[in-house]
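Colleague: my questions concern the predicted model and sequence given below.
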Amino acid sequence: MTSQASSPSDEAGLETIRAVLPARSTVHAWIRASHGGTPGRLTAHVDGDAAGAVETSNSDEFEFRPMTLERGGETAFSYDPATTEISVLYAFLEPRVLEEGVRLLHVRPANAAPEVPGGYHFRPPFGWMNDPNGFGRFGGKPHLFYQHYPHSLRWNNMHWGHAVSEDYLRWTHLPIFLFPSDELAARANGRGGAFSGSAIVLPGAEAGLRIFFTEHVKDREPEEQVQFTAISRDLVTVEAADLILPTRPAGLGLTTDFRDPYVFPGPDGKWKMLLGTRDREGGVILLYETDDPAAAAGWTFLGTLHRENRFGMTAAECPCMLPLDGPANDPTTRWALIFGLLTSRDPATGRRNMTLATIGRFDGRSFSVEFEQELDFGTDAYAFQAFVDAGGPVGIAWLANWTDISREIDMPTAMTLPRRLALQNGALITPPVSGVESLRQRQLDAKDFLDGRTVDLASGSVEILLNLRQAGNAFRLDLEHPEATVTVQLNDDGLSIPFSVANAKASPRYIAAGARPSTIRIFLDVGSIEIFADDGRWTGTKRLPGFKGVSAVRLTAPEGNIIAAEIWQLGL
């Protein structure tokens, strides 16, 4: 639950943010001096009495300043806009923050989240977001951390944002969890920060977690990227981090890419760590392990676990690995190794930055591949991260990839729908989590849709289900979008998402070649389309431009090909 209130102050020239807050509220403020001559200052009053103040002389970047309000009541936060800028201001009660989240009091327009009526994908409450980090269940609930820059809708020095859920779909926003180093936080120059990583349950504790992350500092020598670990005992605040891997393995000809530690329990009971890198031939995934039951130290390099050389000098990144069809310690269990390939290009379709899923057996030191498939033919389910929950493996991805991103383009940043992972008929399937049906708010009449007439979709937040008479029966679904031409099509070539944007270069061909599904499930939201065919045997995710959804849809198919259809309006 978030709210914001701002009004002129009683004092001339001051701006005031007002809210009624309870006693012992913790307030997180990010402030910046408007120019170098005068410090920026934010003061708090409760029921007219002074309750605290924070300030900074930094005019290059917003600086984090916490305060605690001993008393509760009508609270006024005041500042002089001639000397002070406020990026973000939120409040929370520490004893109840995991249940109630933060209350957003102020965010400036430059980093305010876009209005997305009816939207149901995870989005940050402000600022930029990319890779999911530390996805797992802690303290009995799913937690999601993510790459985050709070002060703009574009990428910059990385923080970790944080949210918690009961069902993977409805998220409560928590305080920002992890910050860049003081050196990097001083300027908004995009030099690095707390890059991607993972989290495990803190061994031997009733609650708590241990995180692993890459610290990136551009042009630092000899290593731009090194690995850190830190713990959180309350699932909200993180203690000081310790450096655990200060250098890349020597003698392998690796580039400075050395990032995204993913830690998981191996089949031999030891903690394992994957890291992504590259050499002159392609992407490389490194394997480490430790005998330390707390996973805090003693990490030893075991060797190269996997490499991908078919796409040139691409960087393997955001690796994750987990057992699919049995316990980790069973030698017959198949494991999934999933990773992105930064800068990869498929010569057949022109698609970039693909994500591969390799399935095989893992004995703790070596991985024997049985088969491979692409995780998502739309390619915009990037930086996929998964873990094994009580009901089986669950994963989530950034609903974008770096192909369409630049510092000049804002985007409706979001995560994909969370997805299950399983083996079925010799393939990896990734359907949405079962609770996604709870997003259905009302069913639309599908008669006009089946008759080939255009159907209005209101906000565009809908689920469309199609049952085909026979596997592979052809159809075409044309979607009306204000900034793109978007189609979902099944024909003899396979299942595809023909896509183009006016006055832009030709788009890649987003296709699952040869796919012949019999059921199609399509989720539309502002900024995205996600297709799950045959329970996720073929999955296609495509980011759509702008901040408006698909307004209407029209189905074309030979008579008798579609035997049933449903359309559901969705929302949280």
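Modeller: Perfect, I can see it now.

Colleague: where does pLDDT dip in this protein?
Modeller: Residue ranges of the chain with pLDDT under 70: 1-12, 206, 406-408, 410.

Colleague: domain map for it?
Modeller: 6-107, 127-247, 437-570 (automatic domain parsing).

Colleague: now distance to Asp257 too, for these, in a markdown table please.
Modeller: For the C-beta atoms, the positions are set from N, CA and C on the backbone; glycine is no exception. Output for the domains of the chain, formatted as a markdown table (distance: least, C-beta to C-beta, whole Å):
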| stretch | distance to Asp257 |
| --- | --- |
| domain 6-107 | 26 |
| domain 127-247 | 7 |
| domain 437-570 | 24 |
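
Colleague: could I get those domains in CSV, plus columns for mean neighbour count?
Modeller: Output for the domains of the chain, formatted as CSV (neighbours: other C-beta atoms under 10 Å):
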stretch, mean neighbour count
domain 6-107, 17
domain 127-247, 19
domain 437-570, 18
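
Colleague: and Leu209, what is it in contact with?
Modeller: Gly134, Gly136, Phe138, His143, Ala199, Ile200, Val201, Leu202, Ile231, Ser232, Leu235 (C-beta atoms under 8 Å, 6 or more residues apart in numbering).

Colleague: same question for Ile396.
Modeller: 122, 132, 135, 144, 168, 384-386, 415-419.

Colleague: so which of the residues you listed belong to strands?
Modeller: Pro132, Phe135, Leu144, Phe384, Gln385, Ala386, Arg419 (DSSP state E).

Colleague: which one of the domains of the chain lies closest to Ile285?
Modeller: domain 127-247 (13.9 Å; C-beta to C-beta).

Colleague: was I right about Thr314 contacting Glu281?
Modeller: No - counting by C-beta atoms under 8 Å, Thr314 does not reach Glu281; the two are 9.7 Å apart.

Colleague: which one of those two is surrounded by more residues?
Modeller: Thr314 (23 against 14; other C-beta atoms under 10 Å).

Colleague: possible to save the contacts of Leu209 as JSON lines with distance to His173 and secondary structure?
Modeller: Formatted as JSON lines, the contacts of Leu209 follow (distance: C-beta to C-beta, whole Å; DSSP: H, G, I helix; E, B strand; the rest coil):
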{"residue": "Gly134", "distance to His173": "15", "secondary structure": "strand"}
{"residue": "Gly136", "distance to His173": "18", "secondary structure": "strand"}
{"residue": "Phe138", "distance to His173": "16", "secondary structure": "strand"}
{"residue": "His143", "distance to His173": "12", "secondary structure": "strand"}
{"residue": "Ala199", "distance to His173": "18", "secondary structure": "strand"}
{"residue": "Ile200", "distance to His173": "23", "secondary structure": "strand"}
{"residue": "Val201", "distance to His173": "22", "secondary structure": "strand"}
{"residue": "Leu202", "distance to His173": "23", "secondary structure": "coil"}
{"residue": "Ile231", "distance to His173": "22", "secondary structure": "strand"}
{"residue": "Ser232", "distance to His173": "17", "secondary structure": "strand"}
{"residue": "Leu235", "distance to His173": "14", "secondary structure": "coil"}
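
Colleague: closest to Val116 among the residues you listed?
Modeller: Closest to Val116, out of all of these and judged by C-beta to C-beta, is His143, at 22.7 Å.

Colleague: now do the phi/psi pair for Leu450.
Modeller: The phi and psi values for Leu450, taken as degrees, to the nearest 10, are phi -70, psi -20.

Colleague: next one: it from Asp478, what distance?
Modeller: 15 Å (C-beta to C-beta, to the nearest Å).

Colleague: on that earlier part again, of the ones in strands among the contacts of Ile396, just say which sits nearest to Arg108.
Modeller: Within the ones in strands among the contacts of Ile396, proximity to Arg108 (C-beta to C-beta) peaks at Leu144, which comes in at 24.7 Å.

Colleague: which residue is the nearest non-sequential neighbour of the closest one?
Modeller: Ala163 (5.0 Å; C-beta to C-beta, 6 or more residues apart in numbering).

Colleague: quick check: the one you found is in a strand.
Modeller: Yes - counting by DSSP: H, G, I helix; E, B strand; the rest coil, Ala163 is part of a strand.

Colleague: partners of it in the sheet?
Modeller: On the basis of DSSP bridges, Ala163 is bridged to Leu144, His173.

Colleague: residues contacting it?
Modeller: Here Ala163 is in contact with Gly101, Phe122, His143, Leu144, Tyr146, Trp171, Thr172, His173, Leu174 (C-beta under 8 Å, 6+ apart).

Colleague: you'd agree Arg537 is up against Leu423?
Modeller: No - the criterion here is C-beta under 8 Å, and Arg537 misses it with Leu423 at 10.8 Å.

Colleague: now for the two: what residues contact both?
Modeller: Residues touching both Arg537 and Leu423 (C-beta under 8 Å, 6+ apart) are Ile429.

Colleague: circling back to that earlier point, report the two of the contacts of Ile396 separated the most.
Modeller: The largest separation in those, counting by C-beta to C-beta, is between Phe122 and Ala386 at 15.4 Å.

Colleague: re the thing from before, now flag whichever of the contacts of Leu209 is closest to Trp398.
Modeller: Gly134 (13.9 Å).

Colleague: wait, doesn't that closest one sit right on Ser196?
Modeller: No - counting by C-beta under 8 Å, Gly134 does not reach Ser196; the two are 9.1 Å apart.

Colleague: please report the distance of Ala474 from Gly452.
Modeller: Ala474 sits 14 Å away from Gly452, going by C-beta to C-beta.

Colleague: chain neighbours aside, what residue packs nearest to Thr255?
Modeller: Once flanking residues are discounted, Thr255 sits nearest to Arg278: 5.3 Å by C-beta to C-beta, 6+ apart.

Colleague: if I pick that neighbour, what's in contact with it?
Modeller: Neighbour list for Arg278: Leu254, Thr255, Asp257, Val284, Met313, Thr314, Ala315, Ala316 [criterion: C-beta under 8 Å, 6+ apart].

Colleague: highest neighbour count among those residues?
Modeller: With neighbours taken as other C-beta under 10 Å, the top of the contacts of Arg278 is Ala316, carrying 28 neighbours.

Colleague: didn't that residue look like it was pressed against Gly283?
Modeller: Yes - proximity of Ala316 to Gly283 meets the contact threshold set by C-beta under 8 Å, at 3.1 Å.

Colleague: between the two, what contacts are shared?
Modeller: Counting by C-beta under 8 Å, 6+ apart, the residues touching both Ala316 and Gly283 are Gly276, Thr277, Arg307, Glu308, Phe339, Leu341.

Colleague: what subset of the residues you listed is buried?
Modeller: Gly276, Thr277, Glu308, Phe339, Leu341 (16 or more other C-beta atoms under 10 Å).
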